[in-house]
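structure for this input, please:
(2 chains)
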Protein chains: 2
Amino acid sequence: MNIAILFGGSSYEHEVSIVSAITMKKVLKKSTLQFVFVDAMRDFYLIENDKMNSKLFSSGAYKKSKKLMLKKTGFFAEGMFGSKSIETDVVLNLIHGRDGEDGKIASLLSFYAVPFISPRTEASALSFNKLYTKCLAQSVGVKTVSYEHLSCEDVREITMPYPVIVKPVRLGSSIGLSVVKTPEELDYALDVAFEFDSEVIIEPFIEDVKEYNQAGCHTDHWELSIIEEPQKDGFLDFDKKYMDFSRDAKVHEAQIPEEIVQQIQESFKKIYDPLFRGAVVRCDFFEIEGEVYLNEINPVPGSLANYLFDDFEAMIMRLSRNLPSEENIVIDYQYIHSIQSAKGKA
Amino acid sequence: MNIAILFGGSSYEHEVSIVSAITMKKVLKKSTLQFVFVDAMRDFYLIENDKMNSKLFSSGAYKKSKKLMLKKTGFFAEGMFGSKSIETDVVLNLIHGRDGEDGKIASLLSFYAVPFISPRTEASALSFNKLYTKCLAQSVGVKTVSYEHLSCEDVREITMPYPVIVKPVRLGSSIGLSVVKTPEELDYALDVAFEFDSEVIIEPFIEDVKEYNQAGCHTDHWELSIIEEPQKDGFLDFDKKYMDFSRDAKVHEAQIPEEIVQQIQESFKKIYDPLFRGAVVRCDFFEIEGEVYLNEINPVPGSLANYLFDDFEAMIMRLSRNLPSEENIVIDYQYIHSIQSAKGKA
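Model prediction:
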């Protein structure tokens, strides 16, 4: 199968997306891969397989690669004798953060009828924003922890007890996150978060809360990964997250009680179906006193959480054959015809 | 000012979008208009001004028009000597329904850095879906009427008393709506709604409820329209909606108590700001026992609700000069550089 790996993007997570894409070379061994890079200026480039290393991008040398255009049905290279299609069965979206997770790339690919693996526009817009993720969870009956919401113009006051965690509503990979232990520290944490977003959510910070990650998708059946208990080496920060984006070896399954596994899997399915059809997503859950709470949805998780699955590549192939299709709308101009005959003109 | 009117789209409301666009000729008299048509196949065409009539589209004659491509910064016509940019200061999105209101067009224009008047991707995805509109209203403290939510796979049971109104979650212009007076009628109403969408919401149907429409935008200041009390000639249906899309003369202001006006305006501002910056939207409210409830948000209302404003064209010009700008993300490859120096390679 020809898989186009789409990566980069105008995003704070541009660089980890490059790491994710490079990882795919080690993970998708049986497929023919094309690497389509979106640079900071949102130009598309076709990167040759053997040139896929991080230096190509950091040095700017990628600019010598073939430029691509996105048109109906796929990517095209412009040449002397017109444009030539890049043969692709499916696009795998690996752009993290803005562009890739906010619905823009999903919109482009949907509009131009390019088959792709990633959440569709609506699922992306909802899960990219931590505030709307709360709404989504609520609408399907999945619990989330309590929260307060502040915009940069609001009075900087909260009512929940400390410690709290401050998160920009629209960023992944822990960017702009702070744990705030006392009221005096709140101001600085908000300054940091508002550097990245005009809105934040604030949640109780629960020391040593049990955290579980569940990835999965629906192909012709449910394919749920093993559940991982992410390592918490002190506090999460951006550099430590590198692990998630470059990992290609399967991790060990968390040892958790069967009733918690059930809750996690049921919650995952409620969130996923049908909104996330066509995507491999990772949901991060908390367990608090025997109850499971959704922490966040990763619409495009680092290296697509391949390390949580037994045979990731086979699953990607099954998923490619089970993508959601847009409803076909027939436009027959009946309405305009009826206005024309009623009015004699229109 | 050069305004490109974008209309058509792969949408159930394709035809009313044509009506909306034709109406703009009568409304935007001082501007230079370019008409960019998106046909059912999602090809872009530049329609000459004097050919803008509904027959051009219903007859298929539009296909002889110049084909356009969307690329960075705008629309381009392909010619013998390369591609030529269509000079445009701003794109006015008038695609109703799918493509135009669901975030796809907003994503395309944002991605390619084309200045445009319409809600951005996130605002579109939320307001296009009546279920998520409820979430949005709740998150900013605006009341909505109670509802139940069914997907096509759910058991067809509701708990609220009859009569109820059944609405597909993702359609405008009253498509697929039914008022259901008795439990026996529910099945048929759901069959109709599920023709158009896999999900519906069901709300109490309140006979003779007071309905008020408020349109507006934020330019360099708030510009709220007069409040209209839409005519309810029996029950709304698709044909009667034609009025809304072709109207170009200002309507009469509803005579309503000052405290209700205040509530409507405050609710509009809470919904609009900052999510809908860059757009002219119309919010439809109910008044029930002196309280205002959001019924729905029209992210791209028929003919942009021009008939509710004093000087629509001047407002559009002010809005064009006050569009929200995307945050500039600098990608400096610091992270990759640090991995490279730590590892000796990456």
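
OK, contacts around A:Asn298?
A:127, A:172, A:281-284, A:305 (CB atoms under 8 Å, 6 or more residues apart in numbering or on different chains). The C-beta positions use only the backbone N, C-alpha and C, and glycine is treated the same way.

export the residues you listed to TSV and tack on neighbour count?
As requested, these are exported to TSV (neighbours: other CB atoms under 10 Å in any protein chain shown):
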residue	neighbour count
A:Ser127	28
A:Gly172	26
A:Val281	24
A:Arg282	22
A:Cys283	27
A:Asp284	18
A:Ala305	23
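
among the residues you listed, which are in strands?
If you go by DSSP state E, the contacts of A:Asn298 have A:281-284 in strands.

about what we covered before: from the contacts of A:Asn298, which is closest to chain B?
A:Ser127 (10.7 Å; CB to the nearest CB).

which residues touch the closest one?
Contacts of A:Ser127 by CB under 8 Å, 6+ apart are A:101, A:119, A:133, A:136, A:276, A:281, A:296-299.

average pLDDT for the strand or helix carrying A:Met315?
Using DSSP states H and E, A:Met315 sits in helix A:312-320. Helix A:312-320 carries an average pLDDT of 98.

nearest to A:Ile22, of the ones in strands among the contacts of A:Asn298?
Nearest to A:Ile22 among the ones in strands among the contacts of A:Asn298 is A:Arg282, at 19.3 Å by CB to CB.

list the beta-bridge partners for the closest one.
A:Ala215, A:Asn298 (DSSP bridges).

got the contact list for it?
A:213-215, A:297-298, A:301, A:305, A:308.

which pair of the residues you listed spans the longest distance?
Farthest apart among the contacts of A:Arg282 - using CB to CB - are A:Ile297 and A:Leu308, which lie 15.1 Å from each other.

which one's more surrounded, those two?
A:Ile297 (27 against 23; other CB atoms under 10 Å in any protein chain shown).

and the contacts of A:Ser127 as JSON lines, adding pLDDT and distance to B:Ala77?
Listed next are the contacts of A:Ser127 as JSON lines, based on pLDDT from 0 to 100; distance: CB to CB, whole Å:
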{"residue": "A:Glu101", "pLDDT": "96", "distance to B:Ala77": "33"}
{"residue": "A:Pro119", "pLDDT": "98", "distance to B:Ala77": "34"}
{"residue": "A:Thr133", "pLDDT": "95", "distance to B:Ala77": "42"}
{"residue": "A:Leu136", "pLDDT": "94", "distance to B:Ala77": "42"}
{"residue": "A:Phe276", "pLDDT": "98", "distance to B:Ala77": "38"}
{"residue": "A:Val281", "pLDDT": "98", "distance to B:Ala77": "40"}
{"residue": "A:Glu296", "pLDDT": "93", "distance to B:Ala77": "44"}
{"residue": "A:Ile297", "pLDDT": "96", "distance to B:Ala77": "41"}
{"residue": "A:Asn298", "pLDDT": "95", "distance to B:Ala77": "41"}
{"residue": "A:Pro299", "pLDDT": "96", "distance to B:Ala77": "36"}
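
compare those and tell me which is most surrounded.
Of the contacts of A:Ser127, with other CB under 10 Å as the count, A:Glu101 tops at 31 neighbours.

can you tell me the SS state at it?
Classification of A:Glu101 using DSSP: H, G, I helix; E, B strand; the rest coil returns coil.

wait, what's in contact with it?
Taking CB under 8 Å, 6+ apart, one finds A:95, A:119, A:124, A:127-128, A:172, A:299-300 in contact with A:Glu101.

pLDDT check: weakest of the residues you listed?
Among the contacts of A:Glu101, pLDDT bottoms out at A:Gly172, giving 67.

any regions of chain A where pLDDT drops low?
For chain A, applying pLDDT under 70 flags the ranges A:172-173, A:232-244, A:343-346.

could you redo the last one with a cut-off of 50?
Applying pLDDT under 50 to chain A picks out residues A:234-235, A:345-346.

break it into its domains for me.
For chain A, automatic domain parsing gives the domain ranges A:2-121, A:148-204, A:209-320.

out of those, which is the most enclosed?
Comparing the domains of chain A by mean neighbour count (mean count of other CB atoms under 10 Å in any protein chain shown), domain A:2-121 ranks first with a mean of 20.

if we can go back for a sec, adding distance to B:Ile271, write the contacts of A:Arg282 out as TSV.
Converted to TSV, the contacts of A:Arg282 look like this (distance: CB to CB, whole Å):
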residue	distance to B:Ile271
A:Asn213	35
A:Gln214	34
A:Ala215	35
A:Ile297	24
A:Asn298	29
A:Pro301	32
A:Ala305	36
A:Leu308	39
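
nearest to chain B among these?
Lowest distance from chain B to the contacts of A:Arg282 (CB to the nearest CB) belongs to A:Ile297, with 14.5 Å.

test my guess that the closest one contacts A:Tyr132.
No - counting by CB atoms under 8 Å, A:Ile297 does not reach A:Tyr132; the two are 10.1 Å apart.

what helix or strand is the residue nearest to A:Glu229 when sequence neighbours are not counted located in?
Of all residues not flanking A:Glu229 in the chain, A:Ala254 sits nearest, at 3.8 Å (CB to CB, 6 or more residues apart in numbering or on different chains). A:Ala254 belongs to no helix or strand when elements are defined using DSSP H and E.

dihedrals phi and psi, A:Ala254?
phi -70, psi 140 (degrees, to the nearest 10).

do you know how far it is from A:Leu304?
19 Å (CB to CB, to the nearest Å).

try A:Leu46
With CB to CB as the criterion, A:Leu46 and A:Leu304 are 21 Å apart.

show me where the stretch 51-200 of chain A has its strands.
For the stretch 51-200 of chain A, the strands defined by DSSP state E, counting those that start in this stretch occupy A:66-71, A:74-79, A:82-85, A:90-93, A:116-117, A:148-151, A:164-168, A:178-180, A:199-204.

is chain B contacted by the fourth one?
No - using CB under 8 Å from any CB of the partner chain, strand A:90-93 stays clear of chain B, with a minimum separation of 13.0 Å.

who touches that strand?
So strand A:90-93 is contacted by A:1-6, A:24, A:36, A:74, A:100, A:105-106, A:109, A:114-118, A:300, A:304, A:316, A:320, A:323 (CB under 8 Å, 6+ apart).

out of the residues you listed, which are close to chain B?
Under the cut-off given by CB under 8 Å from any CB, chain B has A:105-106 from the contacts of strand A:90-93 close to it.

quick check: the gap between A:Gly60 and B:Ile331.
The gap separating A:Gly60 from B:Ile331 is 11 Å, by CB to CB.
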